[in-house]
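1. What shape does this take:
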Amino acid sequence: MALQLLSLRFLLVPVSLLAAQGQEEPDPKVQGVLWETEICQRPRWDSRLQLAPDKDSYKKNEEVVLSCIDGFQPSFTQVKCSSEVQSISHGKPVHREVWRGRDSRGDWIRIRSNMECIEVLQVVPGTLEISSTSVKLNWTCTVPSACQQMRATCRLAAPSSPPCEAEEVMGEEMLQGQEGTFTCPPLQPFTEYSVTISLPPSTVLFAWLVRTGETVPDKPEKLWLDPNRGSLRWNPLPSCKGEIIGYQLNVTTRSSQDSGFLEVERLQLNSSITEHPLPEHNPGSSYVVTIQGLTAAGAGAALLWEFQTNGSDVSHPLDISCHSIRDVSPSQGTAVLPLHPIARPPEAAREHQLIVAVAHNSTAVDGACLGEPQPFNASRQPGTYVAAVLNLIGPTDFVLGDGTRGQGYHNAALRPGWDYVALLRLVRRSQQAEKFTCVCYSFSLVAGQHPGPWRGTVIGVVVLLALLLVSAGILWFVLSRKRKSLPSKAKEGD
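-> Reported below is the predicted structural model:
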């Protein structure tokens, strides 16, 4: 019996030595010791995690509270040191340290992944929508348990001041569920607002400083003529609805000496400019001026002023009255226009466009003078087209509608029975301005109308003869009455 025990001891020694020599190194993923442990080392989790109590090691079953900075939260707020059996070695359990977290039901479950500070609320950047009057965003709560009583607000970022005063908005909404959309109430353009999503009492989950988009500016308040400078002046617009990048100034001039004259100047002026020289014209000319501010969103409402050369307002501005053309031929579809160069030396040789438009009224004339007419197109209904381009250096009688072609234009025959207006136009363009100067002519191609400039003279002579005959008849009637009355008076005297 003793010999058996001795041999057993000798056998146990090498077995134990072999077990000690063959013992494996701890798995790097396993924290703590391999045999049953009573201590857990501080876990190597997210450096932003705050542990309470904050120690290098923790006893078995010791509970630890986890927290993050505002706006973030760990998956578990309560964890504890624990252990579990990793394997069986020589009939004995090998333990390793683990951490367990308490879920919403109060159960302790094994933490199998790295603990991190998770952002409680996420706002997807691609869903942010900003207009001139609203701000909208889509939100998602990644930790539903932490999103109770979540509140979103919109406020002015700073108090407003004249001239750009903005009213405070009362945009506030309780956010429900795990995702949704928050829209600020109607806002004012080009104004800074603070959008905040928070949890009570003062945990800010999301904060965004945003400026609403631009819109067109308001109408300028005042426009006047400075007699000393001879220039138009206006007050600068404040950048309340958008950054003022410039002004659109239109000046339309009509002449009292030439009723067929029309000139329109369109200018794009820098935002720092608040005056512009008035074009020089003959006394008695009338002007229609419009000015409007420009932002990146476009042009705002226009301020209109109608006045004469001396700066006095006019209730009825001069209307365009085209030069009447009598030398027309309905059968041939032509009209002879007595043209004179618009440009003065040294630019008298500039190209003049001859534009033809159907109908005759001031609207048609303005549209034809300012438009971009194309060459004649026979496949379309008669409208506005360029009949010819002329280099005028002196007075010229031009036959409109003779069918000639040149420089890509067709001087097409006119249609009998139509009323026409023709414009001789000179266009000057620069980087910031364009000026359209037009002289208009009107005529009618009525079927059966005889050509020739003497038609008006004949009509005038006939009317004059008719008036003379009527006057002679009245005079004869009065004299005859007087002759009859004289003998009767003589008899009464006897």
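2. and the nearest residue to E351 once chain neighbours are set aside, what helix or strand is that in?
-> Excluding its sequence neighbours, the residue lying closest to E351 (Cβ to Cβ, 6 or more residues apart in numbering) is V389, at 5.3 Å. In this view, the C-beta of every residue, glycine as well, is placed from N, C-alpha and C. Assigned by DSSP states H and E, V389 belongs to strand 384-391.
3. what's the answer for V336, then?
-> Per DSSP H and E: strand 334-339 holds V336.
4. following that strand, which helix or strand shows up next?
-> Heading C-terminal from strand 334-339 (DSSP H and E), you reach strand 351-358.
5. re earlier: name the residues of the strand holding V336 that come out as buried.
-> T334, A335, V336, L337, L339 (16 or more other Cβ atoms under 10 Å).
6. Quick one: mean pLDDT over that strand.
-> For strand 334-339, mean pLDDT is 95.
7. Now do that strand: everything it contacts.
-> 325, 327-329, 352, 354, 390, 392, 395-402, 413-414, 420, 422, 424, 441, 443, 445 (Cβ atoms under 8 Å, 6 or more residues apart in numbering).
8. one more time with 6 Å
-> Contact with strand 334-339 is made by 325, 327-328, 396-402, 424, 441, 443, as judged by Cβ atoms under 6 Å, 6 or more residues apart in numbering.
9. before we move on, what about stretch 101-112?
-> For stretch 101-112, using Cβ under 6 Å, 6+ apart, the contacting residues are F76, Q78, V79, W99, R100.
10. and the helix or strand hosting V98, what's its mean pLDDT?
-> V98 belongs to strand 92-102 when elements are defined using DSSP H and E. Strand 92-102 carries an average pLDDT of 86.
11. mind saving the C-alpha coords of that strand as CSV?
-> Extracted as CSV, the C-alpha positions of strand 92-102 are listed here (Å, rounded to 0.1, in the frame of the first residue of the first chain):
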residue,chain,number,x,y,z
LYS,A,92,-10.7,22.8,-12.8
PRO,A,93,-12.5,25.8,-14.2
VAL,A,94,-10.3,28.6,-15.6
HIS,A,95,-11.9,32.1,-15.0
ARG,A,96,-11.4,35.4,-16.6
GLU,A,97,-12.7,38.9,-15.7
VAL,A,98,-15.6,40.3,-17.6
TRP,A,99,-17.9,43.4,-17.3
ARG,A,100,-21.6,43.3,-17.2
GLY,A,101,-24.0,46.1,-17.9
ARG,A,102,-27.5,46.6,-16.5
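12. starting at the chain centroid, how far to that strand?
-> 64 Å (Cα atoms, centre = their mean, to the nearest Å).
13. Same check on stretch 49-61?
-> 59 Å.
14. ok so, going back, make a markdown table from the contacts of strand 334-339 and add secondary structure to it.
-> Formatted as a markdown table, the contacts of strand 334-339 follow (DSSP: H, G, I helix; E, B strand; the rest coil):
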| residue | secondary structure |
| --- | --- |
| I325 | coil |
| D327 | coil |
| V328 | strand |
| T396 | strand |
| D397 | strand |
| F398 | strand |
| V399 | strand |
| L400 | strand |
| G401 | coil |
| D402 | coil |
| L424 | strand |
| Y441 | strand |
| F443 | strand |
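15. Nearest to D226 among those?
-> Using Cβ to Cβ, L424 comes nearest to D226 of the contacts of strand 334-339, at 33.1 Å.
16. Give the bridge partners for the closest one, please.
-> L354, V439 (DSSP bridges).
17. that's a strand at A422, yeah?
-> Yes. Assigned with three-state DSSP, A422 falls within a strand.
18. That one - nearest residue in space that isn't next to it in sequence?
-> Y441 (4.7 Å).
19. List the contacts of the one you found.
-> Y441 sits in contact with C322, H323, I325, L337, A422, where contact means Cβ under 6 Å, 6+ apart.
20. can those go into JSON lines with extra columns for distance to G91?
-> Below are the contacts of Y441 laid out as JSON lines (distance: Cβ to Cβ, whole Å):
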{"residue": "C322", "distance to G91": "119"}
{"residue": "H323", "distance to G91": "123"}
{"residue": "I325", "distance to G91": "124"}
{"residue": "L337", "distance to G91": "122"}
{"residue": "A422", "distance to G91": "117"}
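21. Looking at the residues you listed, which two lie furthest apart in space?
-> C322 and L337, at 10.9 Å, using Cβ to Cβ across these.
22. thinking again about what came up before, return the strand holding V336 as CSV; C-alpha atoms alone will do.
-> The C-alpha trace of strand 334-339 is given here as CSV (Å, rounded to 0.1, in the frame of the first residue of the first chain):
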residue,chain,number,x,y,z
THR,A,334,-43.4,98.4,-100.0
ALA,A,335,-43.0,101.6,-98.1
VAL,A,336,-40.4,104.3,-98.6
LEU,A,337,-38.8,105.5,-95.3
PRO,A,338,-36.9,108.8,-95.1
LEU,A,339,-34.1,107.8,-92.8
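23. Any chance you could spot the residue sitting in the middle of this structure?
-> Centroid-nearest residue in the chain: A297, 2.7 Å away (criterion: Cα atoms, centre = their mean).
24. May I have the secondary structure class of the nearest residue to that residue once chain neighbours are set aside?
-> Leaving aside its sequence neighbours, A297 sits nearest to E214 (Cβ to Cβ, 6+ apart; 4.6 Å). The three-state label given to E214 by three-state DSSP is coil.
25. Go through stretch 43-57 and flag the buried ones.
-> So stretch 43-57, judged by 16+ other Cβ under 10 Å, has buried residues P43, W45, L49.
26. Dump those to TSV, plus secondary structure and pLDDT.
-> Shown next, in TSV, are these (DSSP: H, G, I helix; E, B strand; the rest coil; pLDDT from 0 to 100):
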residue	secondary structure	pLDDT
P43	coil	91
W45	coil	92
L49	coil	92
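27. For V85, state which of those residues is nearest.
-> P43 (19.7 Å).
28. Give me the distance between that closest one and T142.
-> Remark: distance between P43 and T142 (Cβ to Cβ, to the nearest Å) = 22 Å.
29. So which of the contacts of strand 334-339 is the closest to G91?
-> Using Cβ to Cβ, L424 comes nearest to G91 of the contacts of strand 334-339, at 116.1 Å.
30. count of residues packed around the closest one?
-> 22 (other Cβ atoms under 10 Å).
31. Next: the one 3 residues further on.
-> Residues lying near V427 (other Cβ under 10 Å) number 16.
32. So for it, what's the nearest residue that isn't a sequence neighbour?
-> Using Cβ to Cβ, 6+ apart, the closest residue to V427 is F436 (5.7 Å).
33. Does the one you found belong to a helix, a strand or coil?
-> Under the three-state scheme (three-state DSSP), F436 adopts strand.
34. beta partners for E434?
-> Under the criterion used (DSSP bridges), E434 bridges to R266, R429.
35. quick one: it and R266 touch, right?
-> Yes. With contact defined as Cβ atoms under 6 Å, E434 reaches R266; the gap is 5.3 Å.
36. Give me the pLDDT for G452.
-> Value listed for G452 in the pLDDT field: 41.
37. For L49, give me its contacts.
-> L49 neighbours (Cβ under 6 Å, 6+ apart): L66.
38. Low-confidence stretches in the chain?
-> Low-confidence segments of the chain (pLDDT under 70): 1-37, 310-319, 345-349, 360-362, 447-463, 478, 481-494.
39. circling back: now do the strand holding V336: distance to the chain's middle.
-> The answer for strand 334-339 is 46 Å, by Cα atoms, centre = their mean.
40. same thing with stretch 247-261?
-> For stretch 247-261 - counting by Cα atoms, centre = their mean - the centre lies 30 Å from the chain centre.
41. Please export the C-alpha coordinates of it as CSV.
-> Coordinates of the C-alpha atoms in stretch 247-261 are reproduced here as CSV (Å, rounded to 0.1, in the frame of the first residue of the first chain):
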residue,chain,number,x,y,z
TYR,A,247,-28.8,98.7,-58.7
GLN,A,248,-30.7,98.3,-61.9
LEU,A,249,-31.4,101.8,-63.4
ASN,A,250,-33.6,102.3,-66.4
VAL,A,251,-33.9,105.8,-68.0
THR,A,252,-36.5,106.2,-70.8
THR,A,253,-36.4,109.5,-72.7
ARG,A,254,-39.0,111.0,-75.0
SER,A,255,-38.6,114.2,-76.9
SER,A,256,-41.2,117.0,-77.2
GLN,A,257,-39.5,118.1,-80.5
ASP,A,258,-39.5,114.7,-82.2
SER,A,259,-42.5,112.6,-81.2
GLY,A,260,-41.0,109.6,-82.9
PHE,A,261,-37.9,109.6,-80.8
